[in-house]
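Undergrad: Just a sequence and a predicted model for now, questions to come.
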There are 4 protein chains.
Amino acid sequence: MNIVVWNENRHEKENPEVSAIYPEGIHGAIANFLGEEFEHVKTATLDEPEHGLTEEVLKETDVLIWWGHMAHDEVEDEIVEKVKQRVLEGMGLIVLHSGHFSKIFKTLMGTTCDLKWREADEKERLWVVDPTHPITEGIGEFIELDKEEMYGEHFDIPTPDELVFVSWFEGGEVFRSGVTFKRGRGKIFYFRPGHETYPTYYHEDIQKVIRNAVKWAATTNTPVPVYGNAQPLEEIK
Amino acid sequence: MNIVVWNENRHEKENPEVSAIYPEGIHGAIANFLGEEFEHVKTATLDEPEHGLTEEVLKETDVLIWWGHMAHDEVEDEIVEKVKQRVLEGMGLIVLHSGHFSKIFKTLMGTTCDLKWREADEKERLWVVDPTHPITEGIGEFIELDKEEMYGEHFDIPTPDELVFVSWFEGGEVFRSGVTFKRGRGKIFYFRPGHETYPTYYHEDIQKVIRNAVKWAATTNTPVPVYGNAQPLEEIK
Amino acid sequence: MNIVVWNENRHEKENPEVSAIYPEGIHGAIANFLGEEFEHVKTATLDEPEHGLTEEVLKETDVLIWWGHMAHDEVEDEIVEKVKQRVLEGMGLIVLHSGHFSKIFKTLMGTTCDLKWREADEKERLWVVDPTHPITEGIGEFIELDKEEMYGEHFDIPTPDELVFVSWFEGGEVFRSGVTFKRGRGKIFYFRPGHETYPTYYHEDIQKVIRNAVKWAATTNTPVPVYGNAQPLEEIK
Amino acid sequence: MNIVVWNENRHEKENPEVSAIYPEGIHGAIANFLGEEFEHVKTATLDEPEHGLTEEVLKETDVLIWWGHMAHDEVEDEIVEKVKQRVLEGMGLIVLHSGHFSKIFKTLMGTTCDLKWREADEKERLWVVDPTHPITEGIGEFIELDKEEMYGEHFDIPTPDELVFVSWFEGGEVFRSGVTFKRGRGKIFYFRPGHETYPTYYHEDIQKVIRNAVKWAATTNTPVPVYGNAQPLEEIK
């Protein structure tokens, strides 16, 4: 299984607070813990040619992880279109935190993907609401994060195929924090936590969820639909 | 449209704190505000013959509202079975608060319907997560209740057909507070608030939601499926 | 309630077979039977300025019906974007038949919306699989059309919010023919039948379904979400 | 992983036509092909003590497969209740063909599970409508069975969590043939084909689907919810 962790990698370059937490970048931190379990983990970032997502890379990728925030607009439409086609063909996609506003997530959802937010060092609890889901393997009834950015409803997404986590925030908001979608032959998982100024991606349970999500989203040998003009009726009868 | 508000009506008889809040019973309070909009609103209670749910009553009922808590076991299985058949035939059912543990709700769900709870005068916020749903007409982004009993996840229900409200509680829990289900030709709405020691059913927005739910759940002229041995193939060809 | 029936209106101009069936255009035929029940029904077509969908028209429209086929590419992106925003704001959208490949449907779905097809004068049966749904009011267990174009699975759409009809075709295919989606505050119904060379829109049950869908999809007074920076924590506590 | 294949095993004893096709019983045929891939496959039948489903057996079972038809009523309620509790605890359940009317399926669904049927040696095509689903791994766009009993809509089940297969039948009917449900911590797959007078369970693709379903439904290490009185508020604050 080939995994690519994509990150815009801008906060890390511009904000010492962020680079202190993630000296190898958010992509580096995620690739590190994935590398403990999976053999083929690469990273790609916005400032590489074709954002590191060449056709060759995409063709071989089974699961793509996406983190972006301040530079969504700099991602070229042509690359977004290629990523979208690969998702529809069967590549898994895991969209993290502020990636809710990425071009790739919005075009796959068809909605604004807007939400409420507040930066106030709030406690967050992610409650499991689907204890059958493989993405929840190995964790308890909830994950508690001492400090995170708040995201609150309404979250303008289509009805998820599955609702896995619902977050509680100190200030009075709730959020559908772990949601799955099917698009074409591809499986998508959106996972809320991971603001750049908190060490969220070092939290053991957050790492477990992302590892589980990689396994859940990976391309498998399911049928490839054929479209267009069907077999003539006279040949059938 | 014929509406029946069913209540076990026991807390009201045994606990002066409850009867002070609901002098005409919880059923009376609900029937009163429904009566302002709908013409045919009746009540029925546990201690009436056949719990007030005779075949004749059920046959003519379009929407049944259910409140029960301390006496679920006293509801006769035979009556539960008749109510279930009417739901499957097309009668709407609105289950309130502690009705989550009623025989009728459990048999229609197929699960334990268990949950976490705490009585601590907590603040509750019911956030709308489906702003297309007719059950949310006329209310704002959330409903706030100063004091309510807490219900927390995990709520052991099947995946709802629609998730309309998610509750936030002061103590750190969340709950899927407004959920819809389809069973047979019947539509079911479970709505969390309404502990007997709080004046919840006098809250204007709670009343709006229940009124909206009645309209949403009411029996309509949809197709009646035919089951069993189908038309022979030779007659078709 | 303001209804607009949009049609590209090209087959009618170029193919005498089609204009013989629909002398006032497909939009005219649909507007006629809607006009029997609803007071404010207008039409709009591709060749009008802004395709007849000016901001003023869109602003006042509660339900938009869409039929297109041979000229999807001629619909301007800017107009598509305005229609999309109105759907997300709460305008209902009913997409008919070959409208599955329209820009507006594809951008709201996030998938290719591709399918199999065959023109062979095949019998179609649309089976009701959700007998609770208001869109099925007044019809029987299935609708039978003597001759229609075949559309077959796989239909590349996201998992529908509700599956209302499944079609059977003589040649061996099935199709999810009546499906609902929620996007933003808007409700969307895709309904398969209506190839331009058949008198499908004169069929009584097809007319009933479209009338029911208009009522189901119409804008209502549900909450308008507020997005962005939320109330500061210190004001809450 | 421990798998138990349960069969009422009555047609095989009473009808030579059936025992000629399945000399080791339907359970034997299914256990045989599962045994090629999985190590621990047992069978259990109606006429064994406790129907072969003792507490000890159930406790260790990860996936239970259920085939029944003529003797649903002979399955003891007490055993059904124990099976149900194990499903809610996390045991996977695969219900085959006429098992739609089994006590265990009906109690988990909460509906009648009724349908249309016809025995007429009809051709069936099971179309894949969810090409992301692991249950479809290794098969093509559809499975064709030359002769099967027809099951037709309306199928009176709750809205499935996932719709994987839709069947087409020669005589004009369709059927939701492969559907998944979540109940408690358990995953359920209903799969339509397998009438006792046809060699359906020897069909390579049918075997693949059942093998895939076993892997999909198997118990995993997901969170175990805790219910009841929650932590006091004063301890939290």
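TA: Thanks, I have the structure now.

Undergrad: rest of the way, CA atoms for contacts and neighbours
TA: Noted.

Undergrad: just checking, A:L88 touches A:T219?
TA: No - if you go by Cα atoms under 8 Å, A:L88 and A:T219 don't touch, sitting 10.8 Å apart.

Undergrad: residue boundaries of the strands in chain A?
TA: Assigned by DSSP state E, the strands in chain A fall at A:2-7, A:40-45, A:63-67, A:92-96, A:116-128, A:142-152, A:162-169, A:174-183, A:186-191, A:228-229.

Undergrad: what's the second one in contact with?
TA: The one in question is strand A:40-45. The contact list for strand A:40-45 (Cα atoms under 8 Å, 6 or more residues apart in numbering or on different chains) reads A:1-9, A:27-28, A:31, A:34-35, A:51-53.

Undergrad: Near chain D, which residues of chain A are found?
TA: A:90, A:128, A:130-134, A:136-141, A:182, A:184-187, A:220-226 (Cα under 8 Å from any Cα of the partner chain).

Undergrad: one step back: in terms of mean pLDDT, which of the strands of chain A ranks lowest?
TA: Ranked by mean pLDDT, the strands of chain A end with strand A:228-229 at the bottom, a mean of 94.

Undergrad: Spit out the residues that contact A:L88 and A:T219 alike.
TA: A:G186.

Undergrad: any idea how far A:G90 lies from chain B?
TA: Going from A:G90 to chain B by Cα to the nearest Cα, to the nearest Å gives 25 Å.

Undergrad: Count the residues that sit near that residue.
TA: Neighbourhood size, A:G90 [other Cα atoms under 10 Å in any protein chain shown]: 28.

Undergrad: was I right about it contacting A:I188?
TA: No - between A:G90 and A:I188 there is no contact under Cα under 8 Å: 10.0 Å.

Undergrad: measure the residue sitting nearest the centre point of chain A to A:G178 for me?
TA: The centre of chain A sits closest to A:V95, judged by Cα atoms, centre = their mean, with a distance of 1.6 Å. Going from A:V95 to A:G178 by Cα to Cα, to the nearest Å gives 10 Å.

Undergrad: Chain A against chain C: which residues are in contact?
TA: Residues of chain A that fall close to chain C, judged by Cα under 8 Å from any Cα: A:88, A:107-112, A:114-118, A:120, A:154, A:156-159, A:161, A:171, A:181-184, A:225-233, A:236-237.

Undergrad: ok, A:W66 - how many residues close by?
TA: Per other Cα under 10 Å, the neighbour tally for A:W66 reads 25.

Undergrad: go on, A:E235?
TA: Count around A:E235 with other Cα under 10 Å applied: 7.

Undergrad: So for it, what's the pLDDT?
TA: The per-residue pLDDT reported for A:E235 equals 76.

Undergrad: Could you tell me which residues make contact with it?
TA: A:E235 neighbours (Cα under 8 Å, 6+ apart): none.

Undergrad: returning to what we had before: among the residues of chain A next to chain C, which ones are buried?
TA: Neighbour-count burial within the residues of chain A next to chain C applies to A:88, A:107-112, A:114-118, A:154, A:156-159, A:161, A:171, A:181-184, A:225, A:227, A:230; the criterion is 16 or more other Cα atoms under 10 Å in any protein chain shown.

Undergrad: near chain B too, which of those?
TA: For chain B, the contacts drawn from these by Cα under 8 Å from any Cα are A:H154.

Undergrad: Buried by neighbour count, from the residues of chain A next to chain D: which ones?
TA: For these, a neighbour count by 16+ other Cα under 10 Å gives the buried set as A:90, A:128, A:130-134, A:136-137, A:139, A:141, A:182, A:184-187, A:220, A:222-225.

Undergrad: for chain B, what are the nearby residues on chain A?
TA: Counting by Cα under 8 Å from any Cα, chain A sits next to chain B at A:125, A:127-129, A:141, A:153-155, A:166-170, A:172-174.

Undergrad: what about 7 Å?
TA: Counting by Cα under 7 Å from any Cα of the partner chain, chain A comes close to chain B at A:129, A:153-154, A:168, A:172-174.

Undergrad: Please list the members of those residues that lie in helices.
TA: Using DSSP state H, no member of these falls in helices.

Undergrad: of those, closest to chain C?
TA: Checking the residues of chain A next to chain B against chain C with Cα to the nearest Cα, the nearest one is A:H154 at 6.0 Å.

Undergrad: Do I have it right that that closest one meets C:P225?
TA: Yes - assessed by Cα atoms under 7 Å, A:H154 is found in contact with C:P225 at 6.0 Å.

Undergrad: circling back: what sits in contact with each of A:V95 and A:G178?
TA: Overlap of the contact sets of A:V95 and A:G178 (by Cα atoms under 7 Å, 6 or more residues apart in numbering or on different chains) consists of A:190-191.

Undergrad: For the residue lying closest to A:T43 once chain neighbours are set aside, give me its contacts.
TA: Closest residue to A:T43 apart from its sequence neighbours, by Cα to Cα, 6 or more residues apart in numbering or on different chains: A:V5 at 4.6 Å. A:V5 makes contact with A:27, A:31, A:42-44, A:64-66 under the criterion Cα under 7 Å, 6+ apart.

Undergrad: do A:K147 as well
TA: A:121-124.

Undergrad: any idea how far D:M109 is from it?
TA: 41 Å.

Undergrad: same thing with A:L58?
TA: 42 Å.

Undergrad: I'd like to know how many residues surround A:K82.
TA: 17.

Undergrad: repeat for A:N212
TA: Residues lying near A:N212 (other Cα under 10 Å) number 17.

Undergrad: for A:V4, which residues make a bridge with it?
TA: Residues in a beta bridge with A:V4, per DSSP bridges, are A:K42, A:L64.

Undergrad: can I assume it is in contact with A:L64?
TA: Yes - under the criterion of Cα under 7 Å, A:V4 makes contact with A:L64 at 5.0 Å.

Undergrad: more neighbours, those two?
TA: Set A:V4 next to A:L64 and count neighbours by other Cα under 10 Å: A:L64 wins out with 28 against 24.

Undergrad: tell me the contacts of that one?
TA: A:3-5, A:92-94 are the contacts of A:L64 under Cα under 7 Å, 6+ apart.

Undergrad: Of these, which is the nearest to A:V75?
TA: For A:V75, the nearest member of the contacts of A:L64 is A:V5. The distance, counting by Cα to Cα, is 15.3 Å.

Undergrad: measure A:M1 to A:T43 for me?
TA: Looking at A:M1 against A:T43, where the rule is Cα to Cα, the gap reads 14 Å.

Undergrad: quick one, which of these two is more surrounded?
TA: Per other Cα under 10 Å, whichever of A:M1 and A:T43 has more neighbours is A:T43, with 17 against 14.

Undergrad: And the more buried one, how far from chain B?
TA: Distance of A:T43 to chain B, computed by Cα to the nearest Cα: 35 Å.

Undergrad: ok, now A:L34?
TA: Distance from A:L34 to chain B, by Cα to the nearest Cα: 29 Å.

Undergrad: Just give the nearest non-adjacent residue to that residue, would you?
TA: In space, A:L34 is closest to A:R211, 6.5 Å off (Cα to Cα, 6+ apart).

Undergrad: per-residue pLDDT, that neighbour?
TA: Among the per-residue scores, A:R211 holds a pLDDT of 98.

Undergrad: Excluding covalently adjacent residues, which one is nearest to A:L88?
TA: Closest residue to A:L88 apart from its sequence neighbours, by Cα to Cα, 6+ apart: A:G184 at 4.2 Å.

Undergrad: and that neighbour, what does it touch?
TA: A:88-89, C:111, C:156.

Undergrad: and these as a markdown table, adding pLDDT?
TA: Listed next are those as a markdown table, based on pLDDT from 0 to 100:
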| residue | pLDDT |
| --- | --- |
| A:L88 | 98 |
| A:E89 | 97 |
| C:T111 | 98 |
| C:D156 | 98 |
